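Asker: Test case, fold it:
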Amino acid sequence: MAGNEIKAVLFDFDSTLTSPGALDFPEIKRAIDCPADMPILEFIDSLEDEAARDRALKILDDYEIAAAAASRPAAGCEKLLRTLKARGIRIGIVSRNSLKSIARVFENFSECRMATFDVIISRDSPAAVKPSPEGVLLAARELGLPPQRTIMVGDYVFDLRAGRAAGAYTVLLDIGGFRSEWLGEYDLPSIPWISCPALSIWVTPCPPENYPTTSWKNLSIRLNLQTPALSSVRESARTRRLWTLPARRCWF
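Answerer: Now for the predicted structure:
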């Protein structure tokens, strides 16, 4: 077996495996007096008063549990997860959510449960949250894999940053919040793509020192998804539409 064969796909949770919109982040920020331009968890960590941190975290937990009760799986998500598992690809979650809220959401899934996943990393795990690479690295260790044999999938640039810093391949799902400034971090228009009936993704290569020794063609075949068509992207990344889950686009 080739040492660089892709063996696992790690997913963000909210708005990646679930339908977007369950969590109202601006409302949560107002509730805890978090600045609009600051991530919630980082704001809570910055509070010097322990009681204030506990209050803010309790508010966040309450919002997450309420949103979890209303969350539904993203369209096509469970089929995709089943397909990956059936083809020997291990699956995991790397999320900034609490483990309790993730567990609550799975009560609303039809076919998948937490036990479906080979590894789940939440903010309760012993790893710094994304954009730190620690969660991706911890997931890879628990799977017994080097990170360059994994793909990190998510809907926000923190997912890209975490995956890339860990040495994994990364996939950005565009759910309508794609920001043009992210193009400055990733050369989206020049990256090859992989296509199959159950999954179409753009792949952002891991750092050059971690590039697989195999060719892109061989790498894609080893994903066990079906012999794909490969091409170099010539048009703007903003105009290229790819299927991942219905009504979504996928950028790398």
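Asker: Could you give the number of residues near the residue lying closest to Phe109 once chain neighbours are set aside?
Answerer: In this structure, Phe109 finds its nearest non-sequential neighbour in Pro73, 5.1 Å apart by Cβ to Cβ, 6 or more residues apart in numbering. Yep, even glycine has a C-beta here, placed from its N, CA and C like the rest. Using other Cβ atoms under 10 Å, Pro73 has 20 neighbouring residues.
Asker: For Pro73, give me its contacts.
Answerer: Contacts for Pro73 were tallied using Cβ atoms under 8 Å, 6 or more residues apart in numbering; they are 17-19, 108-110, 112.
Asker: so where's the stretch 151-252 of the chain uncertain?
Answerer: Counting by pLDDT under 70, the stretch 151-252 of the chain shows low-confidence ranges at 174-252.
Asker: What segments of the protein are helices?
Answerer: Taking DSSP state H as the test, the helices found in the chain are 25-32, 40-46, 50-70, 77-86, 99-106, 134-143, 157-166, 216-222.
Asker: deepest of these, which one?
Answerer: Between the helices of the chain, helix 157-166 has the highest mean count of neighbours, a mean of 23, where neighbours are mean count of other Cβ atoms under 10 Å.
Asker: Using CSV, list the CA coordinates for that helix.
Answerer: The C-alpha atoms that make up helix 157-166 are tabulated as CSV, following Å, rounded to 0.1, in the frame of the first residue of the first chain:
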residue,chain,number,x,y,z
VAL,A,157,-11.4,29.7,6.3
PHE,A,158,-10.5,28.4,9.8
ASP,A,159,-10.9,24.9,8.5
LEU,A,160,-8.5,25.6,5.6
ARG,A,161,-6.0,27.1,7.9
ALA,A,162,-6.1,24.3,10.4
GLY,A,163,-5.9,21.6,7.8
ARG,A,164,-3.1,23.2,5.8
ALA,A,165,-1.0,23.9,8.9
ALA,A,166,-1.4,20.3,10.0
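Asker: Now do stretch 108-120, average pLDDT.
Answerer: Per-region confidence: stretch 108-120 scores 96 on mean pLDDT.
Asker: how about that stretch: buried residues?
Answerer: For stretch 108-120, the neighbour count (16 or more other Cβ atoms under 10 Å) marks 109, 112, 116-120 as buried.
Asker: for that stretch, how far is the first residue from the last?
Answerer: 18 Å (Cα to Cα, to the nearest Å).
Asker: what number of residues lie near Val129?
Answerer: By other Cβ under 10 Å, 21 other residues sit near Val129.
Asker: Please tell me how far the residue nearest to it when sequence neighbours are not counted sits from Leu173.
Answerer: The shortest distance from Val129 to any non-neighbouring residue, by Cβ to Cβ, 6+ apart, is to Arg96 (4.7 Å). Distance, Arg96 to Leu173, by Cβ to Cβ, to the nearest Å: 16 Å.
Asker: what do you get for Val136?
Answerer: Val136 sits 16 Å away from Leu173 when distances are taken as Cβ to Cβ.
Asker: if I read this right, Ala165 contacts Lys130, doesn't it?
Answerer: No - contact status for Ala165 versus Lys130: not in contact, 9.5 Å apart, counting by Cβ atoms under 8 Å.
Asker: what touches both of the two?
Answerer: Common contacts of Ala165 and Lys130, defined by Cβ under 8 Å, 6+ apart, comprise Val136.
Asker: wait, what's in contact with Leu47?
Answerer: Residues in contact with Leu47, defined by Cβ under 8 Å, 6+ apart, are 53, 56.
Asker: try Ala8
Answerer: Neighbouring residues of Ala8 by Cβ under 8 Å, 6+ apart: 89-92, 118, 139-140, 143, 145, 149-151.
Asker: next one: Phe43
Answerer: For Phe43, the contact set (Cβ under 8 Å, 6+ apart) comprises 29, 32, 34-35, 56.
Asker: Please identify which two of those are farthest apart in space.
Answerer: Pro35 and Ala56 (12.8 Å; Cβ to Cβ).
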